[in-house]
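>>> okay, here's the prediction I keep looking at, along with the sequence it came from:
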Amino acid sequence: MGRKPCCDKMGLKKGPWTAEEDEILVNYINKNGGHGSWRSLPNLAGLLRCGKSCRLRWTNYLRPDIKRGSFTLEDEKLIIQLHGILGNRWAAIASQLPGRTDNEIKNLWNTHLKKRLICMGLDPQTHQPLASPHNPNDKAHASSSTSTRHMAQWESARLEAEARLSREPHLYYNNNKTDSDYFLRIWNSDLGESFRDVHKLESSIKCESQSATTDLASLTPASIVKEEFLWGVKKIVSDSSSSSSELHHDSCDTSLQLLLDFPMNNDMSFLEL
DNA sequence: AAAGATGCCAACCGCAGAGTT
DNA sequence: CAACTCTGCGGTTGGCATCTT
């Protein structure tokens, strides 16, 4: 659905912000305990800017929790790892680096990190070795990347949920509306913890004896915890979603399957470069 | 010293999704 | 349910700073 840009009004100032404008904006937000509606803020605060420009200036520069200064090596490494999982989803990446903005990370990526990956012989988009005509590792890489992609899929969902919760913490307690939020909530609960323990145990048994696992799982308390966990997830979904569509159930089932296959030891070593 | 190239980053633009009327 | 508003996001750009020739 199309919509007119908010900056089409004549007479509104564009370009770099002055110290006076910054001060007006900060004072207004501090005095009113928040920005309220961005659209009406410029009029109320007495700024000749559009709301969008004010929001950008605040979120990228004036916010009190903004971290200034250069990125550390650890930060850069984390950004590269997260980019490998999330791609160009700068906001999701920024949510994992407190005090850093998506714009800042995007700029860092475009000016430094992208080039660094290219220098290392890696494709900055896929993080795979740049295609070479006779690279013997290509085949092995393709098969290993399948499992990595699977884990990345789950991690991506988790990060998105965390990003949402960090923006709107109230969602943690009520009105959870998306699959990722449901899963994060129950995943972090006591039930989720029990499930992880059980699944870890089952996995180790499976390594030792493939055939014994199913019988064991069907008879021990492990299966009960597992069933209880899955029931809990489904219940949260059905309780919270008044209009459950076919699509919703499909994605729920898919996520459940991913959940069951996700590594249980929180080992993120597969992210290492 | 001057001109052009390159790097960097704040800010803008337009799209999309969610919420509201 | 359509029309509209608000907000967030990612891509892109303008302009200043620095480097190179």
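Arrived safely, thanks for sending. Numbering: from 1, shown residues only, chains lettered A, B, ... in the order given.

>>> which residues touch residue A:112?
Taking Cβ atoms under 8 Å, 6 or more residues apart in numbering as the definition of contact, the neighbours of residue A:112 are residue A:76. (Glycine included, C-beta is placed from N, CA and C.)

>>> let's go with 7 Å and repeat that
With contacts defined as Cβ atoms under 7 Å, 6 or more residues apart in numbering, residue A:112 is in contact with no residue.

>>> that one should be in a strand, yeah?
No - going by DSSP: H, G, I helix; E, B strand; the rest coil, the assignment for residue A:112 is helix, not a strand.

>>> quick check, pLDDT for it.
Residue A:112 is assigned a pLDDT of 85 by the prediction.

>>> roughly how far does it sit from residue A:79?
Look at residue A:112 and residue A:79: by Cβ to Cβ, to the nearest Å, they are 10 Å apart.

>>> over to residue A:35?
Looking at residue A:35 against residue A:79, where the rule is Cβ to Cβ, the gap reads 28 Å.

>>> those two: which has the busier surroundings?
Neighbour tally, residue A:35 and residue A:79, criterion other Cβ atoms under 10 Å: the higher count belongs to residue A:79, 22 against 18.

>>> how about that one, secondary structure?
helix.

>>> run a quick neighbour tally on the closest residue to DNA strand C within the stretch 101-250 of chain A.
Nearest to DNA strand C in the stretch 101-250 of chain A, going by Cβ to the nearest atom of the strand, is residue A:102, at a distance of 4.6 Å. Under the neighbour criterion other Cβ under 10 Å, residue A:102 is assigned a count of 17.

>>> shouldn't it be in contact with residue A:94?
Yes - under the criterion of Cβ atoms under 7 Å, residue A:102 makes contact with residue A:94 at 4.3 Å.

>>> who's in contact with residue A:110?
Listed by Cβ under 7 Å, 6+ apart, residue A:110 has no contact partners.

>>> oh, I was asking about residue A:101
Residue A:101 is in contact with A:59-60, A:66, A:94, counting by Cβ under 7 Å, 6+ apart.

>>> for residue A:51, give its distance to DNA strand B.
According to Cβ to the nearest atom of the strand, to the nearest Å, residue A:51 and DNA strand B sit 11 Å apart.

>>> and that residue, how far from residue A:16?
Using Cβ to Cβ, we find residue A:51 at a distance of 18 Å from residue A:16.

>>> give me the more crowded residue out of those two.
Between residue A:51 and residue A:16, counted using other Cβ under 10 Å, the more crowded position is residue A:51 (19 against 7).

>>> you'd agree that one is up against residue A:41?
Yes - if you go by Cβ under 7 Å, residue A:51 and residue A:41 touch, sitting 5.7 Å apart.

>>> can you pull the residues that touch both of the two?
If you check residue A:51 and residue A:41 against Cβ under 7 Å, 6+ apart, no residue is contacted by both.

>>> under the pLDDT cut-off, which ranges of the stretch 101-250 of chain A? List them.
Residues of the stretch 101-250 of chain A that meet the criterion pLDDT under 70 lie in A:131-250.

>>> how about the residues of it near DNA strand B?
Where the stretch 101-250 of chain A comes near DNA strand B, counting by Cβ under 7 Å from any atom of the strand, the residues are A:103-104, A:106-108, A:110-112, A:177.
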